[in-house]
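Visitor: Sequence first, predicted coordinates after that:
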Amino acid sequence: QVQLVESGGGLVQAGGSLRLSCAASGLTFSRYAMGWFRQAPREEREFVAAINGNGGRTKLSDSLKGRFTISRDNINNTLYLQMNSLKPEDTAVYYCAAAPYYSTNGISPAYWGQGTRVTVSS
C-alpha cells in the first residue's frame, strides 16, 4: 500500500521560509518521479514542482522559480520542497504526488498524499 505523508506546513509571515517533507512508503521510491501540487481556497489544484527518479532533473512552475526548490533523498525515501520569500498568495494546501514517469511537461500522478496546509500572513 502506497503512502505519501506530508509534513512541515504551518503559519508563517510573508517573507519567511518553510520546508515541506513527504515521506513515502509502499513503493520503490527511486523509480518514481515525484512532485508537489497546491490548492488554494476556491481554486483548482495547480502544479508546483516535479523531480525525476534520480533527482537529476527538476521542473518548477514558472511563477515560483527563484523562490521554491524541489529535492529528494532516495536513501530515506523523502521528498522536499524548500519555500523561501513566501507570499500570502502561496497560502494553500500542498500535496505530494508520485508518478511513474517524468517529462519536461511535468508528471501525471498515480498516488497522492493527504496534504499539508501552508498559511502565509501579510
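Guide: Yep, it's here.
Visitor: Just the pLDDT at the most centrally placed residue in the chain, thanks.
Guide: Central residue of the chain (Cα atoms, centre = their mean): W36, 2.5 Å from the mean position. On the pLDDT scale, W36 is placed at 98.
Visitor: Then S103?
Guide: For S103, the predicted pLDDT is 87.
Visitor: Also E44?
Guide: 97.
Visitor: returning to what we had before: doesn't the residue nearest to the centre of the chain fall inside a strand?
Guide: Yes. The assignment for W36 is a strand, going by DSSP: H, G, I helix; E, B strand; the rest coil.
Visitor: Could you give the bridge partners of it?
Guide: Assessed by DSSP bridges, W36 has beta-bridge partners A49, C96.
Visitor: Assess the claim that it and I51 are in contact.
Guide: No. Contact criterion Cβ atoms under 8 Å: W36 and I51 do not qualify, at 9.1 Å. The C-beta positions use only the backbone N, C-alpha and C, and glycine is treated the same way.
Visitor: can you list residues touching both of these two?
Guide: I70, L79 (Cβ atoms under 8 Å, 6 or more residues apart in numbering).
Visitor: mind listing what K87 touches?
Guide: Contacts of K87 (Cβ under 8 Å, 6+ apart): A14, V120.
Visitor: Number the chain from 26, please
Guide: I'll keep to 26 as the first residue from here, and by that count the last item is K112.
Visitor: I'd like the distance between it and P125.
Guide: Distance, K112 to P125, using Cβ to Cβ, to the nearest Å: 33 Å.
Visitor: Where does G41 sit, in terms of helix or strand?
Guide: Using DSSP states H and E, G41 sits in no helix or strand.
Visitor: and the closest residue to it other than its chain neighbours, how many neighbours does it have?
Guide: Using Cβ to Cβ, 6 or more residues apart in numbering and skipping the chain neighbours, the partner closest in space to G41 is L111 (5.4 Å). Neighbourhood size, L111 [other Cβ atoms under 10 Å]: 21.
Visitor: what does Q64 give?
Guide: The burial count for Q64: 14, using other Cβ under 10 Å.
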